[in-house]
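J.: Need a 3D model of the following:
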Amino acid sequence: MLFHYHYWTPYLEQMENHYLNLGFRVHQRIGKLGGEFQSFNPPLTWEDFREKDILFRIIEMKKGNVNVTFGYGKRINFEHIGFIVTKDEHDQLCQRADNMNWKVKPGERRTFISTPYGFSIELQTHRDVIDFHDASSTIDNMKIVCTQSGLENDLKRLFNKKIEPIETIIGHRTEIKEIHINNIGLEQSEDPCGVLLQTIS
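T.: Numbers count the residues shown, from 1 in each chain. Next up is the predicted model:
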């Protein structure tokens with residue numbers, strides 16, 4: 001299941017506020033302050049730490065089966081998408097990725113597969129990354145801009161099936177152009193990274 005996307009961006013507070021307005025909740029904020037990573041999770045708000053020199057590594061927001069993360073970057077940069085898979089699916093995907101000569105980077109909590117399309121794929125086996133008790137929101141469609149063709153066919157090879165939610169557009173810069181999500185607060189909005197979000201009734 002496609003559940004996740006991540007951006008690097010200088011517009012962290014704006015991103016958080018935008019997704020709050022769509023009905024997401026802040027799950028965690030992790031940032032470096034004084035050389036050490038610390039948590040700035042709710043109930044803390046930006047008013048509690050705005051004046052501190054925090055370098056945020058990740059702000060994680062959830063709504064139903066959708067998980068959005070973003071961290072500080074000097075410019076907007078689409079980094080990866082994520083799929084929830086079973087352990088068996090995870091192992092099969094890693095083997096297929098290796099057969100495709102795509103670099104696989106296993107981790108304690110998640111695995112990343114590098115693609116030749118300018119972004120990575122996260123494989124997640126832990127269902128606590130979503131509000132699995134609340135299926136009100138899902139990613140039903142994601143339009144990704146790529147600088148080269150072939151992504152949809154390669155995803156079909158990797159997953160051994162067509163990944164229906166993902167469509168590709170050829171362009172000059174790798175980015176997410178548009179996402180359709182069930183049950184969000186506005187019919188249509190554009191987040192500060194330029195992703196057009198639309199709700200599906």
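J.: and the residue nearest to residue 8 when sequence neighbours are not counted, how many neighbours?
T.: For residue 8, ignoring the flanking residues on the chain, the nearest one in space by C-beta to C-beta, 6 or more residues apart in numbering is residue 73 at 2.9 Å. (C-beta placed from N, C-alpha, C; glycine too.) Residue 73 has 14 neighbouring residues, counting by other C-beta atoms under 10 Å.
J.: ditto for residue 143
T.: 17.
J.: next one: residue 38
T.: 14.
J.: So for stretch 164-183, what gets flagged as buried?
T.: Neighbour counts over stretch 164-183 (16 or more other C-beta atoms under 10 Å) mark 165, 166, 168, 174, 175, 176, 178, 179, 180, 181, 182, 183 as buried.
J.: likewise stretch 31-44?
T.: Those would be 31, 40, for stretch 31-44 by 16+ other C-beta under 10 Å.
J.: residues in contact with it?
T.: Residues outside stretch 31-44 that contact it (C-beta atoms under 8 Å, 6 or more residues apart in numbering) are 25-30, 48-49, 52-57, 72.
J.: Please produce a ChimeraX select command covering the buried subset of the residues you listed.
T.: ChimeraX command restricting the contacts of stretch 31-44 to the buried ones, with burial defined by 16+ other C-beta under 10 Å:
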select :26,27,29,30,49,54,56,72
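J.: Out of the contacts of stretch 31-44, which is nearest to residue 87?
T.: Comparing the contacts of stretch 31-44 against residue 87 with C-beta to C-beta places residue 27 closest, at 23.3 Å.
J.: and that closest one, what helix or strand is that in?
T.: Assigned by DSSP states H and E, residue 27 falls within strand 25-33.
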